[in-house]
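Enquirer: task: produce atomic coordinates for the following.
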Amino acid sequence: MIDRLEKAGYVRRRPDPRDRRRALVEPSAPGLERIASFYQGRDARSRESPAVFSADQLRARPRNVTA
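Expert: Residues are numbered from 1 along each chain as shown. Below you'll find the predicted structure:
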């Protein structure tokens with residue numbers, strides 16, 4: 001998976017300065033833009049979704065889900 005993300009330009013690998021056997025993976029600027037656009041849409045949809053449920057349905061939702 002990391003290979004594909006790297007090939008697409010979304011992440012880059014760099015050597016771990018504390019352990020030369022490892023590589024650190026960090027997002028690139030295009031990768032951060034892609035992530036931001038995904039979560040912006042998801043955030044907007046999650047804010048809209050409570051409006052489509054009745055009060056009874058919202059009360060029945062799991063306690064760990066917040067509106």
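
Enquirer: only C-alpha atoms for contact and neighbour calcs from this point on.
Expert: Fine.

Enquirer: tell me where the chain has helices.
Expert: 2-7, 29-48, 55-59 (DSSP state H).

Enquirer: dump the ones you listed to JSON lines, plus mean neighbour count.
Expert: Below are the helices of the chain laid out as JSON lines (neighbours: other C-alpha atoms under 10 Å):
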{"stretch": "helix 2-7", "mean neighbour count": "12"}
{"stretch": "helix 29-48", "mean neighbour count": "12"}
{"stretch": "helix 55-59", "mean neighbour count": "11"}
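
Enquirer: figure out which of those helices is closest to Arg22.
Expert: Nearest to Arg22, of all the helices of the chain, is helix 2-7, at 13.6 Å by C-alpha to C-alpha.

Enquirer: rewinding a little: quick one: the helices of the chain as TSV, columns for distance to Ala23 too.
Expert: Shown next, in TSV, are the helices of the chain (distance: least, C-alpha to C-alpha, whole Å):
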stretch	distance to Ala23
helix 2-7	11
helix 29-48	18
helix 55-59	45
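
Enquirer: between those helices, which gets nearest to Arg14?
Expert: Nearest of the helices of the chain (C-alpha to C-alpha): helix 2-7, 11.4 Å.

Enquirer: with just CA atoms, put the closest one into CSV.
Expert: In CSV, the C-alpha atoms belonging to helix 2-7 read as follows (Å, rounded to 0.1, in the frame of the first residue of the first chain):
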residue,chain,number,x,y,z
ILE,A,2,2.8,2.4,0.9
ASP,A,3,4.5,1.6,-2.4
ARG,A,4,1.3,2.7,-4.3
LEU,A,5,0.9,5.8,-2.3
GLU,A,6,4.5,6.7,-2.9
LYS,A,7,4.3,6.0,-6.6
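
Enquirer: and it, what does it pack onto?
Expert: strand 11-15 (3 or more C-alpha pairs under 8 Å, 6 or more residues apart in numbering; DSSP states H and E).

Enquirer: just the angle between the strand it packs on and helix 29-48, please?
Expert: 130 degrees (axes from the mean of the first three to the mean of the last three C-alpha atoms, to 10 degrees).
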